[in-house]
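[1] model this:
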Amino acid sequence: MFYKEKINFTLSFLLFFSLALQAQDNKRKPKNQPLVSHIYTADPSAHVFNGRIYIYPSHDIDAGTKEDDEGGHFDMKDYHVLSMDKVGGKVTDHGVALDIKDVPWAGRQMWAPDAVWKNGTFYLYFPVKDKEDVFRIGVATSKKPEGPFKAEPEPIKGSYSIDPSVFKDKDGQVYMYFGGIWGGQLQRWKDNKYQGKTDNPKKGEVARLPRIAKMSADLKSFAEEPKEVKIVDEKGNLFMEDNNDKRFFEAAWVHKYNGKYYLSYSTGDTHNLCYAIGSSPYGPFTYKGVLLKPVQGWTNHHSIVQHQGKWYLFYHDVQLTGKTHLRNVKVMELKYNADGTIKTLDAYTD
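    Here you go, the predicted model:
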């Protein structure tokens, strides 16, 4: 009984902390406006295909699903693809790219997707709970970047958790990064084996780490067993769960700048977007700092892309509704320091 009371107290404190931060942020003026307002969007994965920016976001809806501690009210059912010729230009919504009813193995909750192009085909990767309510990662294909996409009949073998992010290196090799704790179920897996429902990480434990898997030539399966991606401090030490202003929670994204690999991610309950730098797509990645300060709302989830000589950060907040499950995608320019570190961004003015 004491353990349950302690968990409830912790969750109540986190909720209070989150609402306090949101109340403070709501008094601040946003620097950027939502890219679209006719639908709710979040978790933007941006890529440049044929010179045009394509954004693969989650499509938030008010499904009426009861809120719970594992994000049950984030009950999304399809994906839309957005595109624009340039940042600041007209944004096109290409409509439904993939619907949950067209994914044979899917149960519920289509969360943050990503996409990649290879040999004339576009691949959309997406997490959704299967019929047993376990998150898996699926793949769908199209000849057009905006879809519509046709899903494979089964999820990727060996895949689990959420937030698939695909990075194509200069040699053409594609890697998938994935994972998210708490509602994302990463804590349920050990050595790539499902442990059933388990407790969230606790203080004093080593923080959970994102996963990486090299993709096979057809981009529909893993070419290897997923591996942990180590995020370390300047001394080479892994972060503990106590370091929740720096440790990984969800939303891994990798991009390359001046020959180095940059892993950025969300700290979740402390609301930072952080980044770390490594010399290999497998890491280890050394923590460097905060990429984006907390935004309005519970979550943040982002992507980084270069277009027309500039770098951009795509992210989301809740400016349109103030509701954590009805978010809106935004973009702002990202700049590097001379030493390769990234200048910390703030989405608001005082």
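[2] Return the distance of residue 206 relative to residue 239.
    8 Å (C-beta to C-beta, to the nearest Å). Every residue, glycine included, has its C-beta placed from N, CA and C.
[3] which one of these two has more residues nearby?
    Using other C-beta atoms under 10 Å, the more surrounded residue of residue 206 and residue 239 is residue 239, with 21 against 12.
[4] contacting residues for that one?
    By C-beta atoms under 8 Å, 6 or more residues apart in numbering, the residues touching residue 239 are 206-207, 231-233, 246-248, 287.
[5] how does it look with 7 Å?
    Taking C-beta atoms under 7 Å, 6 or more residues apart in numbering, we find residue 239 in contact with 207, 231, 233, 246-247.
[6] what secondary structure does the spatially most central residue of the chain sit in?
    Centroid-nearest residue in the chain: residue 251, 2.9 Å away (criterion: C-alpha atoms, centre = their mean). Assigned by DSSP: H, G, I helix; E, B strand; the rest coil, the conformation of residue 251 is strand.
[7] Please list all residues in contact with it.
    Counting by C-beta under 7 Å, 6+ apart, residue 251 makes contact with 163, 265-266, 301-302.
[8] picking that back up, just the contacts of residue 239 now: which is nearest residue 344?
    residue 246 (13.5 Å; C-beta to C-beta).
[9] wouldn't that closest one be in contact with residue 274 here?
    Yes: at 6.0 Å, residue 246 and residue 274 qualify as touching, with contact defined as C-beta atoms under 7 Å.
[10] Tell me which of the two has more neighbours.
    For residue 246 and residue 274, the more surrounded residue by other C-beta under 10 Å is residue 274, and the numbers stand at 23 against 20.
[11] Could you give the secondary structure assignment for that one?
    strand.
[12] before we move on, the earlier item: any chance of TSV for the contacts of residue 239, columns secondary structure, pLDDT and distance to residue 149?
    Below are the contacts of residue 239 laid out as TSV (DSSP: H, G, I helix; E, B strand; the rest coil; pLDDT from 0 to 100; distance: C-beta to C-beta, whole Å):
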residue	secondary structure	pLDDT	distance to residue 149
207	coil	97	34
231	strand	98	32
233	coil	98	40
246	coil	98	36
247	coil	98	33
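[13] which one of the residues you listed is nearest residue 217?
    residue 231 (28.9 Å).
[14] okay but that closest one is in contact with residue 285, surely?
    Yes: in terms of C-beta under 7 Å, residue 231 counts as a neighbour of residue 285; the distance is 5.2 Å.
[15] what's the overlap in contacts for the two?
    By C-beta under 7 Å, 6+ apart, the residues touching both residue 231 and residue 285 are 263, 276.
[16] before we move on, back to that, anything in contact with each of residue 246 and residue 274?
    Common neighbours of residue 246 and residue 274, using C-beta under 7 Å, 6+ apart, are 267, 287.
[17] From residue 128, how far off is the nearest residue to residue 222 once chain neighbours are set aside?
    Spatial nearest neighbour of residue 222, excluding adjacent residues (C-beta to C-beta, 6 or more residues apart in numbering): residue 213 at 4.3 Å. Separation of residue 213 from residue 128 (C-beta to C-beta): 18 Å.
[18] before we move on, back to that, now the buried members of the contacts of residue 239.
    Buried subset of the contacts of residue 239 (neighbour count, 16 or more other C-beta atoms under 10 Å): 207, 231, 246-247.
[19] what's near enough to touch residue 273?
    So residue 273 contacts 264, 266, 290-292, 300, 302 (C-beta under 7 Å, 6+ apart).
[20] Helices of the chain, start to end?
    2-25 (DSSP state H).
[21] Residue 65 and residue 75 touch, don't they?
    Yes: with contact defined as C-beta under 7 Å, residue 65 counts as touching residue 75 (4.1 Å).
[22] coming back round to it: restricted to strands, list the contacts of residue 273.
    264, 266, 290-292 (DSSP state E).
[23] Could you identify the most distant pair in these?
    Greatest spatial distance among the ones in strands among the contacts of residue 273 (C-beta to C-beta): 266 and 290, at 11.1 Å.
[24] who has more neighbours, residue 65 and residue 75?
    A direct count of neighbours by other C-beta under 10 Å for residue 65 and residue 75 places residue 75 higher, at 19 against 15.
[25] picking that back up, so can I have a markdown table of the contacts of residue 239 showing distance to residue 28?
    Conversion of the contacts of residue 239 to a markdown table gives the following (distance: C-beta to C-beta, whole Å):
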| residue | distance to residue 28 |
| --- | --- |
| 207 | 29 |
| 231 | 29 |
| 233 | 30 |
| 246 | 23 |
| 247 | 26 |
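[26] Show me where the stretch 101-250 of the chain has its strands.
    106-110, 114-118, 121-130, 135-142, 150-151, 165-168, 174-178, 189-190, 193-194, 211-214, 227-228, 231-232, 250-257 (DSSP state E, counting those that start in this stretch).
[27] For residue 32, find the nearest of those.
    Smallest distance to residue 32 across these (C-beta to C-beta): 18.6 Å, for strand 250-257.
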